Structure formats: structure tokens, C-alpha cells
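> sequence? don't have it. structure:
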């Protein structure tokens, strides 16, 4: 099964961290990603730019309504994601718990829908 692992956390912690703290955190993320790759669970993943760079688009009566920033004010922002290929939800939960982001925020797991391709 494929799952999207969505990583939520506060941006202030990293913004206020020292360079040494940021480097130590990046080592943790690199090791986590490499563990996932070597296990065969990793399909894709990327960190996202800070929430201040976000743009939200809505339908405004047939025209796009474009606004800066996220769609809602929250303490935690979506900071990145991984796409996993695992046997089941239990295995996805194990990867989510191992994620460094789980120590400072929350990890949302969402199964990815499979649609039949053209025949």
C-alpha cells in the first residue's frame, strides 16, 4: 500500500535554532531518509519552503481568487512529505513514529488512492 506521510510542525523552532542545531537536525533527517530508502519503503519525499511562501487559490465565481499564505491560521504548518510503499498501516505507523518531525509536531498518514489505468 502507498501512504503519504505529511509532516506538520512549528516553523519558529528552526528559525530560532543555532546553525549547529540546524545541522544536527539535518543529520537526523538524512539518516531517517536513508533508512527508508534502504528498506525499500521510500518512493518520494521533499521538504517544503516556509509557509510565508505559500499561495492559496480558490474559485471566485469562475475566476481564480489568489491570496498569499496558507488557507488557515494554525500553530503547525505542513513542512514536507514522504510517499511510502509499505505492507500495511502498521508499517506506515512505524515509519511515522521514527520520523524526526514526530518529536516536535505531528505526522498525518493518508492512504493514496489507486485508480485503474487505461486498458
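Thanks, I have it. Computed from a prediction, not measured in an experiment: that's the story for all the values here.
> Now do stretch 59-70: everything it contacts.
The contact list for stretch 59-70 (C-beta atoms under 8 Å, 6 or more residues apart in numbering) reads 51, 52, 54, 55, 56, 57, 58, 77. For glycine as for every other residue, the C-beta is placed from the backbone atoms N, C-alpha and C.
> Let's have those in a markdown table, adding neighbour count and distance to residue 84.
Below are the contacts of stretch 59-70 laid out as a markdown table (neighbours: other C-beta atoms under 10 Å; distance: C-beta to C-beta, whole Å):
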| residue | neighbour count | distance to residue 84 |
| --- | --- | --- |
| 51 | 14 | 24 |
| 52 | 10 | 28 |
| 54 | 15 | 24 |
| 55 | 9 | 27 |
| 56 | 12 | 27 |
| 57 | 10 | 28 |
| 58 | 10 | 30 |
| 77 | 18 | 21 |
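> Tell me which of those residues fall in strands.
If you go by DSSP state E, those have 55, 56, 57, 58, 77 in strands.
> Redo these as JSON lines? Include pLDDT.
Formatted as JSON lines, those follow (pLDDT from 0 to 100):
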{"residue": "55", "pLDDT": "90"}
{"residue": "56", "pLDDT": "88"}
{"residue": "57", "pLDDT": "89"}
{"residue": "58", "pLDDT": "90"}
{"residue": "77", "pLDDT": "87"}
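> Specify which member of those is nearest to residue 37.
Nearest to residue 37 out of the ones in strands among the contacts of stretch 59-70 is residue 77 (C-beta to C-beta; 25.5 Å).
> Without its sequence neighbours, what residue ends up closest to the closest one?
Closest residue in space to residue 77, ignoring its immediate chain neighbours: residue 51 at 4.2 Å, by C-beta to C-beta, 6 or more residues apart in numbering.
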